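Chemist: missing the sequence, but the structure's below:
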């Protein structure tokens, strides 16, 4: 049977089962995407990350890269490389499944002072016209609202006369408060309830989190999160942009819309369950949507050409996305629901960072503060009420499980903390599940303590004779973190540690360069805000020991959790917050580190534990056990 | 053969031939509408006006009303009443054809001081971005335009990045200058020409006139006019609204759109002929449209419920129609072309009157002026730079040929002037064609001179012994205007004259009541502006003799021609004129005459030639020959 047969092949995925029909020569990963089955993939199908390991039963070709003869014989394949050559069964082992959601971080920081949401529902009780009071119907409404310039779409004006008379001149109106002016969005009989729910979304490159907010009260009704389905197209923004250039942007737009729309459906179902609504009526009740996300994510959502983000001089199509509607974007809500995107400052300092700042209040302080958002990129912002300067460090995905052999995201089964004693290593996992890998906070704990106990030198190399847990691996050494009969060992290699050190060095160097640019020192910082889901789990002592965070008193650090979502929610709830967001962007200077010699100096100096210049980390030196 | 057969019947119209297929029982008029053949109809198919006379060859039923046995035998039928009973040939006699266009009146009055049209085309030559000049693409454009708040639709933002780079940062932009703010409407490569044409339309109840204007230069390129195809649904606004209530608004919207779109196609073809454009490329070049029309016409164009215009307290859906696009309205132009409707003041003082005022400059004068628009309604406006008061007189269609047995509109073959000597009557016709009927200006001439020569008493009754042209007709008398072998005599009856007197009385009474309301006299008027195509043909002396116009020196009258079109064109060309239009509406008081006892007093007193109170017309008395 030739590989190039044009026959359709059945590929059935387990657990499930879910079946897709594909042609010979398509990859198992493509079949999985078609079947709607999520398979872990970090490199975006390049065959380099080895995370999409599956077990096949049936004819395939390729996908053997990095596997032992024994593994290959047992049916292990890389899903992104193995081509379908006939009907197949595919088992997705636990470590390749993407079926648990990152635990939702509640956020801290500011609350909206006044409720002036993106959409506002109002009841109008109008006087019926007379010969002496002969205002036209529309002018009667806009005059009662005090909004003579209100934009009114023709379809609403067409129903207005009958609605006013049928309702006895008592109507509900829904106003969309857009940057380009107020717009009449919805009209109904005043005897009906006004439903005014909003959705705040944080589109992370990896995780998308959404909240359903009652805009009448300002209260969050439900939260949900999911992996960004774009993950099958690449782990980081650059590989997504490359995917768009090769295969077109449309697929990426579709995938992120699917992700968000899935979350909206989930949130509406959750609300309906509690309120016993008739199911299926919810979509139209979503009256407005606020979006926070990095510049690439927002471009892809809106179907805007992202490729110039990737090439010097790194120019996005837009930093202040224009007002648009759910129907125009393709989001599941009232078709005329306004979609507001938090404005960003540049290609690599996007609306997510503006939202972080908004929630932190950094832009309101007298004193100097810093904000660090550790995601797939590491963005750093420095400033006060008078000025803001920001940069992006291209830190890499080590803290999210990328480029680390046993690395994984902070989800169920991830080792999120490590404690070493003289004799043993004790671990905790998220959800107290069986350990499946190690996430960012676990890596920081591990490396910090290995360094403190002399198992690592300051360059991060494992001392071969330091512990019985240390053993040879490939060309170097590895440290065994966890071992369990019948399961793969969880170990950290020299290379893994080098990758973590590169990531922390980039972030620390970004912080240093910003301070250097404005001729200030770390000790001048009154506050250091840590944003991003990651931040909730890290141990500050250990983060200082590895040289990720500066050596400052503990009380100067403040964890904001998912600040991008929190700031986006503020924008959904308050027009003054939307104005503040625009002011934050306008007051921010963007520092491009890719062309900064100072950054490379700082980065090189930071490629040590904790740093070349140990004077910068006095407490680390002193506290060394 | 039963009338109710469900078979399709072929109805072929001559001249033509044009064929329609209809079912038995449908009227010949309905078949004509289906075939796209225009048949004269004043009453809107009620069978009362007798203007839709056709000659049939084949089986029909009904349509005999008012015809002699001989006429019926010869095949004459009323098209609106005769039901198809089999395959038919239908000949439309000249007097029932609607195939000549009312001669275009050139307009007088103000010109736009500055050119700031509804759409503005601009060439942008932008600096390419660098690492130091890293504005996003959209912000680079809006900043160069000096329009940070510019509204940008998502589809344009989607093409912007590639367009900027492919064009070497030289692009053309088209901006729509709407009341709700500026909107980016079109983008293209800077090496292409910018086409910026606008259309100004005056939608009359009877006639629709359109102009193609080059918005780059402000010059009118071409003009065209057509009957409002809604005429088959009724002559005046009230019968159209009744039609909408019975048979739905959609048909009326479709008919007026067909009329305007036909004119736009005609105008584009005219321009293409001159400029040798590739045919069929024109629609997208129409970048903006300005509409003047009475409130009912504008409602029907926009698909807005008109019924409340008809019933007390006569409230329109809107006086300031919102910004909308050609695609939303259904007009043949660039789909995103802004459609601006000149705002109106009330159900019976619409945007056409605002446009009249704008062109006249009445609202800018120190002294008191009056403006009279004689159409199917007669609207009267009084005012100066500080205040305006306006009313509508429901004058009726006598001056447009309605309710007058041999009346017709001012089109080819209409008797437009009459000169009586002691022995003879001499006439002129429009286009010097064979006389087919008599239009408004001819009626005024005739009645004035019959009155002066003693053929009419002051109540407008024909003196039976006064002339050999006077003869008995029906229950009364008639005056023979024109007689020709083999053609129907053109004569004016007692009833016709009574109808004309009622019309002129209503207009004169409207003028009187406005003056009375502000405690002023006719002699206080510095100017009397006459608007409407009608105004171009009337003889002022005769109009004063019948008491239509007040007895003022000739130099105080100023004819504006089609002022509604002229004022609409000003709005198309200039944003300050659009602002002025809004101010005119806001400064205008609307006086409803339907509930005014003063109006009925004035009306009753004016039902004489020239007036009960002969003191008001000293020169008529003096000049009586």
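Modeler: Cool, got the structure. What you see is a predicted model; the values in this text were computed from it and never measured.

Chemist: Give me the contacts around whichever strand or helix holds residue A:245.
Modeler: Using DSSP states H and E, residue A:245 maps to helix A:237-247. When contacts are defined by Cβ atoms under 8 Å, 6 or more residues apart in numbering or on different chains, helix A:237-247 is touched by residues A:43-44, A:46, A:205, A:230, A:233-234, A:251-252, A:294, A:296-297, A:300, A:306-307, A:309-310, A:376-377. For glycine as for every other residue, the C-beta is placed from the backbone atoms N, C-alpha and C.

Chemist: just the strands in the stretch 501-625 of chain A please.
Modeler: For the stretch 501-625 of chain A, strands defined by DSSP state E, counting those that start in this stretch occupy the ranges A:527-531, A:557-561, A:588-590.

Chemist: do the same with the stretch 1-150 of chain A
Modeler: A:8-14, A:18-23, A:53-57, A:60-61, A:76-78, A:83-84, A:88-91, A:119-125.

Chemist: Tell me the residues of the stretch 251-400 of chain A that contact chain B?
Modeler: A:302-305, A:307-308, A:312-324, A:328-329, A:346 (Cβ under 8 Å from any Cβ of the partner chain).

Chemist: just checking, which of the contacts of helix A:237-247 belong to strands?
Modeler: Using DSSP state E, no member of the contacts of helix A:237-247 sits in strands.

Chemist: In PyMOL, how would I select just the buried ones from those?
Modeler: If you want just the buried ones from those in PyMOL, going by 16 or more other Cβ atoms under 10 Å in any protein chain shown, the selection is:
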select buried, chain A and resi 43+44+205+230+233+234+251+252+294+296+297+300+306+307+309+310+376+377
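
Chemist: Residue A:306 touches residue A:294, doesn't it?
Modeler: No. Contact between residue A:306 and residue A:294 fails when scored by Cβ atoms under 8 Å: they sit 10.7 Å apart.

Chemist: Of all the residues in the stretch 401-550 of chain A, which one is nearest chain B?
Modeler: Taking Cβ to the nearest Cβ, chain B has its nearest neighbour within the stretch 401-550 of chain A at residue A:517, 14.7 Å off.

Chemist: what does the stretch 1-150 of chain A put close to chain B?
Modeler: Counting by Cβ under 8 Å from any Cβ, the stretch 1-150 of chain A sits next to chain B at A:129, A:130, A:131, A:134, A:135, A:136, A:137, A:138, A:139, A:149.

Chemist: List buried residues within those.
Modeler: Here, 16+ other Cβ under 10 Å leaves A:129, A:134, A:135, A:136, A:137, A:138, A:139 buried among the residues of the stretch 1-150 of chain A next to chain B.

Chemist: what bits of chain A have low per-residue confidence?
Modeler: A:1-7, A:16, A:36, A:38, A:40-49, A:94-108, A:274-283, A:533-537, A:621-625 (pLDDT under 70).

Chemist: In it, which helix is the longest?
Modeler: helix A:250-275 (DSSP state H).

Chemist: list the buried ones in that helix?
Modeler: Result for helix A:250-275 [16+ other Cβ under 10 Å]: buried residues A:251-253, A:255-264, A:266-272.

Chemist: re earlier: show the contacting residues for the residue of the stretch 401-550 of chain A closest to chain B.
Modeler: Shown in contact with residue A:517 (Cβ under 8 Å, 6+ apart): A:389, A:591, A:598.

Chemist: From these, which land in helices?
Modeler: Reading helices off the contacts of residue A:517 with DSSP H, I get residue A:598.

Chemist: which of the contacts of residue A:517 lies closest to chain B?
Modeler: Nearest member of the contacts of residue A:517 to chain B, counting by Cβ to the nearest Cβ, is residue A:591, at 10.7 Å.

Chemist: Now that closest one: phi and psi?
Modeler: The phi/psi pair for residue A:591 (degrees, to the nearest 10) reads phi -110, psi 120.

Chemist: Quick check: closest non-adjacent residue to it.
Modeler: residue A:391 (4.3 Å; Cβ to Cβ, 6 or more residues apart in numbering or on different chains).
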